[in-house]
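S.K.: test case, fold it:
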Amino acid sequence: MSDSQKISAFLEKGFLVSPDALTTIEEDPEGSVVLYNQLNEKKSQGKLVIVNKDILSLINKNKEIIDINWKEFERSKALVEKGKDKRIYNTFLDLLNYEEQKEKLNKILGEVQKPDGITTIESTPQIGSSVIVLQSHNKKPKKREVGDFVKHLKVRYDKIKPILTNHQTLQNIISIGKIPLKKEKEEVTLIGLVRDKLITKNGNTFLTLEDPTGEIKVLISKNNKSLWETSKEIVLDEVLAISGVLGKGIVFANNITFPGLPLNKELKKSPDEVYIAFISDIHVGSRSFLAKPFLNFINWLNGDISNKELKEIGKKVKYIFIAGDLVAGVGVYPGQETDLIIPDIKKQYEELAKYLIKIPEKIKMIIAPGNHDATRLSDPQPPLDKNFAKPIWDLPNATLVSSPSLINVHASETFPGFDVLLYHGNSYHYYKTEVERLRLSKAHENPTLVTEFLLQKRHIAPTHESTVRIPDDEEDALVIEKVPDVFVTGDHHRSATSLVNNINLIACSCFQKKTDYEEKRGYEPDPGRVPVLNLKTREVKIIDFNQDE
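M.R.: From the prediction side, this is the model:
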């Protein structure tokens, strides 16, 4: 069989074979049969999956291949082939080869038996240093057409629709295109994207709902007070379900269903007491950067604190999530140059690195960008640009990811770890203003209210104008497809925390005093306050680093 015939055979199965895999198959023709059987069950919902020598190696070891983000895996392999960053690709290999990694980990760790017979590995320093990047977005720039926005919304619809169809309460779901086949006064359920929303002269809510097959008008009567109040939560461009009675070219709604969250999500708890610290909006380079509280934070991580309780917590911090705006940036807003003490963005990152290098190397830092950082402003924001932020990339204990990104931490041979959704928060200002309940609840003082709201939508920024975005015809990186254990944001300069459906919602504070912008808008930042999550209890403590002891 020629190489082209082999490639065609695999393409028929939905897989793209790399040249290094062809060589391996040639040496072991019988292995291709095993490959067909195993990979045929892993089509990753019909998406093309690359097959290379590393995947074949797992098959030859009779390893079961788990599901991962195959598109990101392919991109990470392409980076390696171009001689670029290998870290993301190696992380995927660790995931795919997890059973073998567990065996190696067990050999390293050993097992220390307590006198009472309970096995413990808490005293071994290697445990709990796992950082696995599940999703990080960094596609190459390309020309965008109007059609890309349409395809992007179609991808969003296709991602969120299955979440809604899993709701057991939804019956008689049909596509909008099949409505002409139904009779008036018949009950229907539609899943669609909200293209338009307005309030009529009579005070009713009027929606235009669309799906790939068509569009229809939906009326939500003000006389149905409960439903009408729910309709206030509807935002443009979100995907939801409407149940109601069919009229002539209109649906009279009697129920609204948002994608929502699973009710039975497990509250994971680590077997060992380990902490995650969450910070953001450091703004190094700004005249209003608060160096002293930031140094107090770093000193605490190094055990330089007399408070015994806080010192014990500091010893057990193994991870730090930084949710963007590491530096002040340059040209972020008109006249910013007068607010800068370091006007060169490269030098800003150099200065920041002088601080971060003081953090013990055993503590892993996961770093996402913000709107002040050296990367594009559009969501998803790719990781920091190496040309500007090389000193941060060079930190030995730093993992740089996009905003948003999904990271698994603290996985071990007996524990699956915690999935952390990390997002700077670019879209939050829109919802704090435009959604009545959030506005009246003063969500600018407690940003986790916005987080909870967006989790119900299963999208970080459903409304098009809520953030600058890059339309992608292959994925919507802002869909919350996998429900995290922790959702952390920055940007608001306010620390807050809550637990919703067993998900820790965390908003980070800042290390910058009140700016003129905040003064004009009546915002009150609370700098120098760091949320710290205990992975054993899932309790959050906010530590104030503003005062010396």
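S.K.: now Lys536. Nearest residue, chain neighbours left out?
M.R.: Excluding its sequence neighbours, the residue lying closest to Lys536 (Cβ to Cβ, 6 or more residues apart in numbering) is Glu273, at 4.3 Å. In this view, the C-beta of every residue, glycine as well, is placed from N, C-alpha and C.
S.K.: next helix or strand past the longest helix seen in the chain?
M.R.: Ranked by residue count and defined by DSSP state H, the top helix of the chain is helix 146-165. Counting by DSSP states H and E, the next helix or strand C-terminal to helix 146-165 is strand 173-174.
S.K.: can you give me how far the helix or strand following that next one is from the chain middle?
M.R.: Where DSSP H and E defines the elements, the next helix or strand beyond strand 173-174 is strand 187-199. Here strand 187-199 is found 27 Å from its chain centre; the criterion is Cα atoms, centre = their mean, to the nearest Å.
S.K.: model confidence over strand 187-199, on average?
M.R.: Averaged across strand 187-199, pLDDT comes to 96.
S.K.: so what's the residue nearest to Lys536 up against?
M.R.: Applying Cβ atoms under 8 Å, 6 or more residues apart in numbering to Glu273 gives the contacts Glu122, Lys316, Asn534, Leu535, Lys536, Thr537.
S.K.: sec struct for it, please.
M.R.: coil (DSSP: H, G, I helix; E, B strand; the rest coil).
S.K.: pLDDT below threshold where in this protein?
M.R.: 1-3, 6, 13-14, 19-50, 53-129, 548-549 (pLDDT under 70).
S.K.: if you rank the contacts of Glu273 by neighbours, which is first?
M.R.: If you count neighbours using other Cβ atoms under 10 Å, the busiest of the contacts of Glu273 is Leu535, which has 27 neighbours.
S.K.: now the closest residue to His283 other than its chain neighbours: how far from Lys316?
M.R.: Spatial nearest neighbour of His283, chain neighbours left out: Gln512 (4.2 Å); criterion: Cβ to Cβ, 6+ apart. With distances taken as Cβ to Cβ, to the nearest Å, Gln512 is found 28 Å from Lys316.
S.K.: again with Ser412
M.R.: Distance from Ser412 to Lys316, by Cβ to Cβ: 15 Å.
S.K.: what are the boundaries of the helices in the stretch 251-400 of the chain?
M.R.: 291-301, 308-315, 345-356, 386-393 (DSSP state H, counting those that start in this stretch).
S.K.: which parts of the first one are buried?
M.R.: This means helix 291-301. For helix 291-301, the neighbour count (16 or more other Cβ atoms under 10 Å) marks Pro293, Phe294, Asn296, Phe297, Ile298, Trp300, Leu301 as buried.
S.K.: what's near enough to touch the closest residue to the fourth one other than its chain neighbours?
M.R.: Spelled out, it's Phe297. Of all residues not flanking Phe297 in the chain, Phe545 sits nearest, at 4.7 Å (Cβ to Cβ, 6+ apart). By Cβ under 8 Å, 6+ apart, Phe545 lies in contact with Pro293, Phe294, Asn296, Phe297, Trp300, Gly528, Arg529, Val530.
S.K.: quick one: buried residues of stretch 275-295?
M.R.: 275-286, 288-290, 293-294.
S.K.: equivalent analysis for stretch 426-439, please.
M.R.: Going by 16+ other Cβ under 10 Å, stretch 426-439 has these buried residues: Asn426, Ser427, Tyr428, His429, Tyr430, Tyr431, Lys432, Val435, Leu438.
S.K.: only alpha carbons, please: show that stretch as CSV.
M.R.: The C-alpha coordinates for stretch 426-439 follow below in CSV (Å, rounded to 0.1, in the frame of the first residue of the first chain):
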residue,chain,number,x,y,z
ASN,A,426,-12.8,42.2,29.8
SER,A,427,-16.5,41.5,29.3
TYR,A,428,-17.7,42.1,32.9
HIS,A,429,-18.1,45.9,32.7
TYR,A,430,-20.8,45.5,30.1
TYR,A,431,-23.0,43.2,32.2
LYS,A,432,-22.5,45.1,35.4
THR,A,433,-24.1,48.1,33.7
GLU,A,434,-26.6,46.5,31.2
VAL,A,435,-28.2,43.8,33.4
GLU,A,436,-30.6,45.4,35.9
ARG,A,437,-30.2,42.9,38.7
LEU,A,438,-26.4,43.2,38.5
ARG,A,439,-26.5,47.0,38.4
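S.K.: ok, residues contacting that stretch?
M.R.: 232-233, 235, 370-371, 377, 379, 381, 403, 443-444, 447, 449-450, 453-454, 460-461, 463, 465-468, 489, 491-492.
S.K.: wait, Pro380 touches Leu406, no?
M.R.: No. The criterion here is Cβ atoms under 8 Å, and Pro380 misses it with Leu406 at 11.3 Å.
S.K.: how close does the residue nearest to His283 sit to Tyr355?
M.R.: For Gln512 relative to Tyr355 (Cβ to Cβ), the value is 14 Å.
S.K.: more neighbours: which of the two?
M.R.: Gln512 (24 against 17).
S.K.: can you tell me who that one pairs with across the strands?
M.R.: Phe289 (DSSP bridges).
S.K.: one step back: looking at the buried residues of helix 291-301, which one is closest to Cys508?
M.R.: Set against Cys508, the nearest of the buried residues of helix 291-301 by Cβ to Cβ is Phe297 (11.9 Å).
S.K.: contact partners for that closest one?
M.R.: Ala277, Ile279, Phe511, Gly528, Val530, Phe545.
S.K.: can you check Asn224 too?
M.R.: Asn224 touches Asn254, counting by Cβ under 8 Å, 6+ apart.
S.K.: tell me how many other residues crowd the closest residue to Lys386 other than its chain neighbours.
M.R.: Leaving aside its sequence neighbours, Lys386 sits nearest to Trp393 (Cβ to Cβ, 6+ apart; 5.4 Å). Other residues lying near Trp393 total 16 when counted by other Cβ under 10 Å.
S.K.: where's Trp393 relative to Gly370, distance?
M.R.: 17 Å.
S.K.: repeat for Ser403
M.R.: For Ser403, the distance to Gly370 - Cβ to Cβ - is 7 Å.
S.K.: which neighbours do these two share?
M.R.: Taking Cβ under 8 Å, 6+ apart as the criterion, Ser403 and Gly370 both touch Ala323, Gly324, Gln381, His424, Asn426.
S.K.: any idea how far apart the tips of stretch 138-148 sit?
M.R.: One end of stretch 138-148 sits 17 Å from the other (Cα to Cα, to the nearest Å).
S.K.: buried ones in that stretch?
M.R.: Neighbour-count burial for stretch 138-148 [16+ other Cβ under 10 Å]: Asn138, Asp148.
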